[in-house]
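Student: need the 3D shape of this:
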Amino acid sequence: MKIGVQSIHFSADSKLLDFIQKKANKLDQFFDQIISGEVYLKLENVEDEANKISEIKLIVPGGTLFAKEQCKSFEEATDLAIESLRKQITKHKEKTRKKISEQKTILSESEISDY
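Tutor: Now for the predicted structure:
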């Protein structure tokens, strides 16, 4: 899967980029039809320690999945966002399977009524 990473207000090091790519590649285990993804890493200017934001957008057939997390480190925020996307992927797969099975039953019923 192709992942684009954009860091806003700082420059990300190669360890962080490798970590994000490794975590995103694990999503292929749950859904192999992911077209691409975008990761936005942001630093907020607030007094709170949890000022690091990770936003991940995945493009899949039939829609776009999005997760945004804010934590003390980019690794933690990315982990939480990936977990959220994993749940969204599972729901997306269930919905598409349900639609396909409904279409198959409609088609099979119409074939039976033709006879």
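
Student: tell me where this protein has strands.
Tutor: Taking DSSP state E as the test, the strands found in the chain are 2-8, 36-43, 52-60, 63-71.

Student: least reliable of those going by mean pLDDT?
Tutor: Mean pLDDT is lowest for strand 2-8 out of the strands of the chain, coming in at a mean of 91.

Student: picking that back up, out of the strands of the chain, deepest packed?
Tutor: Mean neighbours per residue, mean count of other CB atoms under 10 Å, is largest over the strands of the chain for strand 52-60, with a mean of 21. Bear in mind the C-beta positions are built from the backbone N, C-alpha and C, glycine included.

Student: so what touches that strand?
Tutor: Where contact means CB atoms under 8 Å, 6 or more residues apart in numbering, the residues beyond strand 52-60 that reach it are 24, 27, 31, 33-44, 64-74, 77-78, 80-82, 85, 89, 92.

Student: take the strands of the chain and write them to CSV, including distance to Glu109.
Tutor: Formatted as CSV, the entries for those read as follows, by distance: least, CB to CB, whole Å:
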stretch, distance to Glu109
strand 2-8, 41
strand 36-43, 38
strand 52-60, 30
strand 63-71, 28
